[in-house]
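Colleague: Would you be able to build a 3D model of this:
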Amino acid sequence: MSVFSTNIRQAAAILESGGLVAFPTETVYGLGADAENPAAVADIYAAKGRPANHPVIVHVAPGADIGYWAASIPPQAQALMQAFWPGPLTLILKRAPHIPDAVSGGQDSIGLRCPSHPVAQALLREFKGGKGGLAAPSANKFGRVSPTTAQHVQDEFGDEPLLKAILEGGQSAVGIESTILDLSRLAAHGPVLLRPGHISAAQIADVIGVMPAVPDAAAPRASGTLAAHYAPHTAVALVESAQLDATIEQLHQAGRRIALIGYRAAPNALAIGQTALPATPEGFAYGLYAALRAMDAQGADLILIEAPPADHAWQGVNDRLRRAAHDSAGILERLL
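Modeller: Residues are numbered from 1 along each chain as shown. Below you'll find the model as predicted:
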């Protein structure tokens, strides 16, 4: 039975005994297990319904010995850790041979991150005396909307017996998952941005002097990079601002119930539920997953989202929206 808790020592003891604990980070809440315990990591996959070849990210305490986890640490990684850790940046490095491949989906790489949330840091310092690592994908069923509050985790997992505790830490400040940068193939491919996030490609380039490339066919598999991801149960479609009211009218005429997430749109009386997000990338990201969960509960046939700008500052948000609404055109065609 999962329970809310603020007891860091108790949560660390659960993790050290092989149990699962959900905990807050500045991005989203994670479902944590001892990264060096393959059976515990397997329980993450079982609880989430996650494919076994889909890697998880290992979270480490500030000042952790990254050389314990990675076979090598290139200068670019050192510079980025200095610039952005603790924070929402995951680095993909070559995995040290003694680290179980359960955390990497069988690949020879490993994703490492040092979170900045104070509860996450306190847990990581307590767990194995600060020398352990927590494998922790987002604390939701695979492919669904990530949780940004402890209540979201409880709503997602209910009485899941594998989840022993949920650490309370307020709402996640960033609201979308970390940027993932591959540095495991530098000689052949240079740095590769596998997943955009709060830390932008331009910020990364400012530190290492080169703009990250887009993923190639041989890039490592990484968390949250499938075509369909971050999706509520209700179908989702993205619509440009100029077409929003007309689309809602057409759907209404077709007898469809619509929930709306906007950032500039005026309230629409035909929507059975509506929420407005801030018109900034940071504000939109902060509220996005909570808005998706709230609109998912409205009993609508479709959640319409007002498409944000396509410029670089919105890259992380637009990545999540494209995956949540991966068949946007097809859904609208079927409903109209």
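Colleague: Ala70 and Leu80: what is the separation?
Modeller: Distance, Ala70 to Leu80, using CB to CB, to the nearest Å: 13 Å. The way it works is simple: take the backbone N, C-alpha and C, and place the C-beta from them, glycine included.
Colleague: With Ile204 instead?
Modeller: Taking CB to CB, one finds Ile204 at 7 Å from Leu80.
Colleague: any common contacting residues for the two?
Modeller: Residues touching both Ile204 and Leu80 (CB atoms under 8 Å, 6 or more residues apart in numbering) are Leu89, Leu181.
Colleague: in what helix or strand does the nearest residue to Arg50 once chain neighbours are set aside lie?
Modeller: Take Arg50 and drop its neighbours on the chain: the residue closest to it by CB to CB, 6 or more residues apart in numbering is Phe142, 4.4 Å away. Assigned by DSSP states H and E, Phe142 falls within no helix or strand.
Colleague: show me the contacts for Phe142.
Modeller: The contact partners of Phe142, by CB under 8 Å, 6+ apart, come to Lys48, Gly49, Arg50, Pro51, His54.
Colleague: mind redoing it with 10 Å?
Modeller: Residues near Phe142 by CB atoms under 10 Å, 6 or more residues apart in numbering: Tyr45, Ala47, Lys48, Gly49, Arg50, Pro51, His54, Leu226, His229.
Colleague: Arg264 now?
Modeller: Neighbouring residues of Arg264 by CB under 10 Å, 6+ apart: Ser241, Leu244, Ala276, Leu277, Ala279, Glu306, Pro308.
Colleague: What helices and strands are in contact with the longest helix belonging to the chain?
Modeller: Among the elements of type helix in the chain, defined by DSSP state H, the one spanning the most residues is helix 281-296. Applying 3 or more CB pairs under 10 Å, 6 or more residues apart in numbering; DSSP states H and E, one finds that helix 281-296 makes contact with helix 150-157, strand 236-239, strand 258-262, strand 273-276, strand 302-306, helix 315-324.
Colleague: Tell me how many other residues surround the residue lying closest to Gly18 once chain neighbours are set aside.
Modeller: On the basis of CB to CB, 6+ apart, the spatially nearest residue to Gly18 that is not a chain neighbour turns out to be Ala40, at 4.6 Å. Neighbours of Ala40 under the rule other CB atoms under 10 Å: 22.
Colleague: Could you verify that Ala40 is part of a helix?
Modeller: Yes - under DSSP: H, G, I helix; E, B strand; the rest coil, Ala40 falls within a helix.
Colleague: ok, it to Ala202 distance?
Modeller: 38 Å.
Colleague: Then Asn140?
Modeller: Separation of Asn140 from Ala202 (CB to CB): 30 Å.
Colleague: Just want to know which of those two has more residues nearby.
Modeller: Between Asn140 and Ala202, Asn140 has the larger neighbour count (other CB under 10 Å), namely 23 against 12.
Colleague: Return the residues in contact with that one.
Modeller: 22, 28-29, 31, 48, 146-147, 152-153, 155-157, 230, 289, 293.
Colleague: And the helices in the stretch 1-150 of the chain, which stretches?
Modeller: 8-16, 38-48, 66-69, 75-84, 118-126, 150-157 (DSSP state H, counting those that start in this stretch).
Colleague: Can you mark which positions in the shortest one are buried?
Modeller: When burial is assessed from 16 or more other CB atoms under 10 Å, helix 66-69 yields the following buried residues: Ile66, Trp69.
Colleague: Neighbour-wise, which one of the contacts of Asn140 leads?
Modeller: Ala22 (32 neighbours).
Colleague: Surely that one is in contact with Asp155?
Modeller: No - between Ala22 and Asp155 there is no contact under CB atoms under 10 Å: 11.7 Å.
Colleague: does Ala202 count as helix, strand or coil?
Modeller: Per three-state DSSP, Ala202 ends up helix.
Colleague: can you tell me which residues contact it?
Modeller: Met211, Pro212, His312, Ala313, Gln315.
Colleague: Give me the buried entries from these.
Modeller: Buried among the contacts of Ala202 by 16+ other CB under 10 Å: Pro212, Gln315.
Colleague: just curious, which of the contacts of Ala202 is nearest to Ala11?
Modeller: Looking at the contacts of Ala202 and their distance to Ala11, the nearest is Gln315, at 34.0 Å (CB to CB).
Colleague: To what extent is the closest residue to that closest one other than its chain neighbours buried, counted in neighbours?
Modeller: Leaving aside its chain neighbours, Gln315 sits nearest to Pro196 (4.3 Å; criterion: CB to CB, 6+ apart). Using other CB under 10 Å, Pro196 is surrounded by 23 other residues.
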